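**Student:** 3D model of this:
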Amino acid sequence: MEKQEKQKKKRKRKNEMMLIYEIAILFACILIATAQILFKKFLPNFELKIASIISVLLSPKIILGLFLYFLALLIYLYSLTKLQLNLAYPLLSFSFIFVTIFSFVFLKEKFTIKRLFGILLIILGVALVNL
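**Tutor:** I've put the predicted structure just below:
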């Protein structure tokens, strides 16, 4: 009986840790979405010319967006060492949801029924993949 109890506690602890890493990936998705908003809102007129590229790379808001992307990558890579790829990767789909919501709130972009349906499909898809 005691052995079963220990196994049960160990399994519970493992599930709790997995949840923490899954939440970390969702946080990384929020960072990615925030970076996208920064890029869209503060990207100057961009052309594939040296002066334009330098201007973009020196823009503080763009640098912040790149930093957020890098931080999200670090969080994802660490979580990937603890989770199976077939669980971790689908969670990145939530970045599409956050980008849609953030673009509506911060960029005043349209939020349509079609987009809402798409968000619901993403949530359903991630849930089905992780059953």
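
**Student:** Give the next helix or strand downstream of the lowest-mean-pLDDT helix or strand in the chain.
**Tutor:** Ranked by mean pLDDT, DSSP states H and E, the weakest helix or strand in the chain is helix 50-58, scoring a mean of 84. Scanning forward in sequence from helix 50-58 by DSSP states H and E, the next helix or strand is helix 60-82.

**Student:** So what touches the least confident helix or strand of the chain?
**Tutor:** Helix 50-58 is contacted from outside by 43-46, 62-63, using C-beta atoms under 8 Å, 6 or more residues apart in numbering. Any C-beta I mention is one placed from the backbone N, CA and C, and that applies to glycine too.

**Student:** Can you say which of those residues are buried?
**Tutor:** residue 62 (16 or more other C-beta atoms under 10 Å).

**Student:** For the contacts of helix 50-58, work out which two are farthest apart.
**Tutor:** 45 and 63 (17.8 Å; C-beta to C-beta).

**Student:** what helix or strand is residue 47 on?
**Tutor:** Residue 47 belongs to no helix or strand, assigned by DSSP H and E.

**Student:** ok, it - contacts?
**Tutor:** Residue 47 neighbours (C-beta under 8 Å, 6+ apart): none.

**Student:** where's residue 117 relative to residue 126, distance?
**Tutor:** Taking C-beta to C-beta, to the nearest Å as the measure, residue 117 and residue 126 are separated by 15 Å.

**Student:** Give me the angle between the helix or strand hosting residue 11 and helix 60-82.
**Tutor:** Using DSSP H and E, residue 11 falls within helix 2-42. On the basis of axes from the mean of the first three to the mean of the last three C-alpha atoms, to 10 degrees, helix 2-42 is oriented at 160 degrees to helix 60-82.

**Student:** Give me the angle between helix 2-42 and helix 50-58.
**Tutor:** 140 degrees.

**Student:** what helices or strands is helix 2-42 leaning on?
**Tutor:** Under the contact criterion of 3 or more C-beta pairs under 8 Å, 6 or more residues apart in numbering; DSSP states H and E, helix 2-42 touches helix 60-82, helix 85-91, helix 94-106.
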